[in-house]
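Colleague: Predicted structure and sequence below. I'll ask about it afterward.
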Amino acid sequence: MSSQEETFSSVEEEAAPAAEPAAMPAADGDSTAEAAQAVPVAYTVRYALPSALKAQLAAQNVPFNVLARPVPGSIAIVRVSVPTVSADTPRSTTATPRAADGLQDDGREEGAQTGSETAATPAADRLADPPDPYVPPPLDLLDDPLPYAGEDETFIAEQKRRLEETLRHFHVRAHVIGATCGPTVTRFEVQPEPGVKVSRITALADDIKLNLAARDIRIEAPIPGRSAVGIEVPNRTREPVFLKRIVAHEAFQRHPSPLAVAVGVDIGGEAVVADLRKMPHLLIAGATGSGKSVCINALLVSLLYKASPDAVRLLLVDPKMVELTPYQDIPHLVAPVVTDPKLATAALHWAVQEMERRYELFARCGARDLDRYNRLVEAGGEEGAEALPYIVIVIDELADLMMVAPGDVEEAICRIAQKARACGIHLVLATQRPSVDVITGLIKANIPTRIAFAVSSQADSRTILDMAGAEKLLGRGDMLYLDSGDPKPRRLQGCFVSDEEIERVVAHVRRQRKAAYWFDRDDLLRSAEDGGDVDDELLAEAVRFVIEQGQASASMLQRRFRIGYNRAARLIDAMEARGWISAQAGSKPRTVHITEQEYRALFEEEGHTP
């Protein structure tokens, strides 16, 4: 293989529809018959060389070269040697493969002169020009914050006096030493005298709420890093927190991470900006209407302000079909927004495979994480390789996926949560049903960063945060934010972004580049019908085994191949979907429909030894 060929991105099987091969047209004015010479021609394809195109090229004795595995998101190149056509040879009427055939046009007519004497441009020079640098949306696309006069000092002083009276009536020796007014609540700092148990203050929660005439209160005992107990009382008027306030803040503008996201404002009025790389995964839960979807939109819009499509890619899963569809066709997406729960399972399986592929790349070049790998690529240490972007997977309603395929979804999420941090894949999960059958122990153990919005019961709060408190929240963006490594959550007011703001920002992003999907809905549908992430080699061995046994069951495959039930069941489902075994008939083993001859015809072509 020549050095020129080694610079091409590679391709893999079965990722694009069939297309007709194209012959090289003759240069204009060529009137002499010359011997045909092999001239390299480069076709740019979105993902892979279709099998049908391979067969057509082979049938016409057209030599071609297919390299190994691809780098997702890069332009894959198929190097094809096509003989030139003399003047005496009729021109080919075969159409050149274009984007509609699954191929991306390189923008030039084949054989066109480019100022040189050569009729064909070398393949390496026919690559598309790199896209223009990404320009973040301007801040004026976001709404300005509304004026806010602040909480009435007289009201705060009155609440402080009532609080001290309540403590004195119950013979609790403590003093209010300060008050901090936030966007949603005011936190009074109560310092007990020596010898007074903190539990005596927390036991008075209902009495304090009664005497302060408050909608609800939350007691933080003690305030982390302070020798005081915090009593959070709702403000009479809430201060709206707009996304522009966070995005324009110095903490966001100067944050070095491309995965910096706007979270909200704390009780002290400080903007809270988080880094998805350090989270490394996020769980968002709360009752209906508490602010989950607004929080996700704020995260996504802030990512569009911070990261280019070359640095960060998004995989959006929206079973509700209305929350994330405004982001359709932005260049950051790896695929169209997934709205079918069954296809969402296939998308998660793709993410697992991408994670494993990235770790294989890291192992070959000695990199431990994505940053190190990209630095090696930029320094030229990996010839022919391209820098890999971060991938953020956002699932707006986890409960729907868990109802469709709980085993597969939980397994895929846990594998990603356990291993994907170092390879640059991060999860953002949201659900309005914080029950243990949705937020399982395995999922919760592998997702340390959590945001809890208002919930209806203390049990739901414990399911999300492993502690009470979310049942005391006021809704409409009032949240408890538990960062990874923090012993206690922080109370924040989430930032608000309107639908009009989202439309303006997304329109700006769309105008810069067209969406370049790594895979589409048909790819996911085909993957789901083929059994998802079933390993081809194991499938062939499993089919061979059931043919030998004359029957099929998941327990047989478990014992024979020493695999778990979920994987064995997927193999059985894949065989049933293809008609190789019968459907389930009670407790009886499934009968085998595929014959030895059919097995050989199917798997010998794919290189499996029967």
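Modeller: Nice, I can see it. Residues are numbered from 1 along each chain as shown.

Colleague: Outline the domain layout of the protein.
Modeller: 1-129, 153-234, 278-519, 534-603 (automatic domain parsing).

Colleague: Out of these, point me to the one whose mean pLDDT is lowest.
Modeller: Ranked by mean pLDDT, these bottom out at domain 1-129, with a mean of 40.

Colleague: Would you convert the domains of the chain into JSON lines that also reports mean neighbour count and distance to Gly264?
Modeller: For every residue, glycine as well, the C-beta is placed using N, CA and C. As requested, those are exported to JSON lines (neighbours: other C-beta atoms under 10 Å; distance: least, C-beta to C-beta, whole Å):
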{"stretch": "domain 1-129", "mean neighbour count": "16", "distance to Gly264": "32"}
{"stretch": "domain 153-234", "mean neighbour count": "16", "distance to Gly264": "8"}
{"stretch": "domain 278-519", "mean neighbour count": "20", "distance to Gly264": "4"}
{"stretch": "domain 534-603", "mean neighbour count": "16", "distance to Gly264": "38"}
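
Colleague: As JSON lines, the ones you listed with distance to Leu243 would be great.
Modeller: As requested, the domains of the chain are exported to JSON lines (distance: least, C-beta to C-beta, whole Å):
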{"stretch": "domain 1-129", "distance to Leu243": "28"}
{"stretch": "domain 153-234", "distance to Leu243": "14"}
{"stretch": "domain 278-519", "distance to Leu243": "4"}
{"stretch": "domain 534-603", "distance to Leu243": "40"}
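
Colleague: closest one to Phe242 among those domains?
Modeller: Closest approach to Phe242 among the domains of the chain is made by domain 278-519 (5.9 Å; C-beta to C-beta).

Colleague: That closest one spans what distance, first to last residue?
Modeller: Using C-alpha to C-alpha, to the nearest Å, one end of domain 278-519 lies 28 Å from the other.

Colleague: got it, and stretch 222-232?
Modeller: Span of stretch 222-232 from end to end, C-alpha to C-alpha: 12 Å.

Colleague: go on, stretch 416-428?
Modeller: 11 Å.

Colleague: Mind listing residues that contact it?
Modeller: Applying C-beta atoms under 8 Å, 6 or more residues apart in numbering, the external contacts of stretch 416-428 come out as 259, 276-277, 279-282, 284, 296, 299, 348, 351-352, 354-355, 358-359, 362, 368-370, 388-395, 413, 443, 446-447.

Colleague: quick one, strands of the stretch 351-500 of the chain?
Modeller: Assignment of strands within the stretch 351-500 of the chain using DSSP state E, counting those that start in this stretch yields the ranges 390-395, 425-431, 449-452, 478-482, 490-494.

Colleague: Let me have those strands in CSV, extended by distance to Leu146.
Modeller: CSV is the format used below for the strands of the stretch 351-500 of the chain (distance: least, C-beta to C-beta, whole Å):
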stretch, distance to Leu146
strand 390-395, 28
strand 425-431, 27
strand 449-452, 24
strand 478-482, 18
strand 490-494, 14
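
Colleague: Asp573: which of those is closest?
Modeller: Asp573 sits nearest to strand 390-395 of all the strands of the stretch 351-500 of the chain, at 22.6 Å, using C-beta to C-beta.

Colleague: CA atoms only: put the closest one into PDB for me.
Modeller: C-alpha atoms of strand 390-395 as PDB (Å, rounded to 0.1, in the frame of the first residue of the first chain):
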ATOM      1  CA  TYR A 390     -16.400  14.400  22.800                       C
ATOM      2  CA  ILE A 391     -19.800  12.700  22.700                       C
ATOM      3  CA  VAL A 392     -22.600  13.800  25.000                       C
ATOM      4  CA  ILE A 393     -25.600  11.500  25.100                       C
ATOM      5  CA  VAL A 394     -28.800  13.200  26.400                       C
ATOM      6  CA  ILE A 395     -31.800  11.100  27.200                       C
END
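
Colleague: Keeping just the C-alphas, turn stretch 336-354 into CSV.
Modeller: What follows is stretch 336-354, C-alpha atoms only, in CSV (Å, rounded to 0.1, in the frame of the first residue of the first chain):
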residue,chain,number,x,y,z
PRO,A,336,-31.1,12.7,13.9
VAL,A,337,-32.9,13.1,17.2
VAL,A,338,-34.0,9.6,18.2
THR,A,339,-37.7,9.5,19.2
ASP,A,340,-38.4,5.8,19.0
PRO,A,341,-37.6,3.9,22.3
LYS,A,342,-36.6,0.8,20.4
LEU,A,343,-34.2,2.8,18.2
ALA,A,344,-32.9,4.5,21.3
THR,A,345,-31.8,1.1,22.6
ALA,A,346,-29.9,0.6,19.3
ALA,A,347,-28.3,4.0,19.7
LEU,A,348,-27.0,3.1,23.2
HIS,A,349,-25.6,-0.1,21.8
TRP,A,350,-23.8,2.0,19.1
ALA,A,351,-22.4,4.2,21.9
VAL,A,352,-21.0,1.1,23.7
GLN,A,353,-19.4,-0.1,20.5
GLU,A,354,-17.9,3.4,19.9
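
Colleague: Out of the domains of the chain, which gets nearest to Ala248?
Modeller: Between Ala248 and these, the shortest gap by C-beta to C-beta is with domain 278-519, which sits at 9.7 Å.

Colleague: How far does that closest one sit from its chain's centre?
Modeller: Remark: domain 278-519 is offset 5 Å from the chain centroid, using C-alpha atoms, centre = their mean, to the nearest Å.

Colleague: same deal with stretch 205-212?
Modeller: Using C-alpha atoms, centre = their mean, the distance between the centre of stretch 205-212 and that of its chain works out at 44 Å.

Colleague: and what of stretch 168-177?
Modeller: Relative to the centre of its chain, stretch 168-177 is centred 50 Å away, using C-alpha atoms, centre = their mean.

Colleague: Could you do stretch 157-164 as well?
Modeller: 48 Å.

Colleague: and what of stretch 137-157?
Modeller: Counting by C-alpha atoms, centre = their mean, stretch 137-157 is centred 33 Å from the centre of its parent chain.

Colleague: tell me how far the ends of it are from each other?
Modeller: Separation of the first and last residues of stretch 137-157 by C-alpha to C-alpha is 43 Å.

Colleague: now the residue lying closest to Leu139 once chain neighbours are set aside: how far from Ser302?
Modeller: Once flanking residues are discounted, Leu139 sits nearest to Ala248: 5.6 Å by C-beta to C-beta, 6 or more residues apart in numbering. Between Ala248 and Ser302 the distance is 11 Å, computed by C-beta to C-beta, to the nearest Å.

Colleague: how deep is the residue lying closest to Ala307 once chain neighbours are set aside tucked in, by neighbour count?
Modeller: The shortest distance from Ala307 to any non-neighbouring residue, by C-beta to C-beta, 6+ apart, is to Pro258 (4.0 Å). A total of 17 residues lie near Pro258 under the criterion other C-beta atoms under 10 Å.

Colleague: Pull the contacting residues for Leu348.
Modeller: By C-beta under 8 Å, 6+ apart, the contact list for Leu348 reads 393, 408-409, 412-413, 416.

Colleague: swap the cut-off to 7 Å and go again
Modeller: Contact analysis of Leu348 by C-beta atoms under 7 Å, 6 or more residues apart in numbering lists 409, 412-413.

Colleague: how near is Leu315 to Tyr390?
Modeller: Per C-beta to C-beta, Leu315 is found 11 Å from Tyr390.

Colleague: and what of Arg254?
Modeller: Arg254 is 19 Å from Tyr390, by C-beta to C-beta.

Colleague: can you check Val543 too?
Modeller: Val543 is 38 Å from Tyr390, where distance means C-beta to C-beta.
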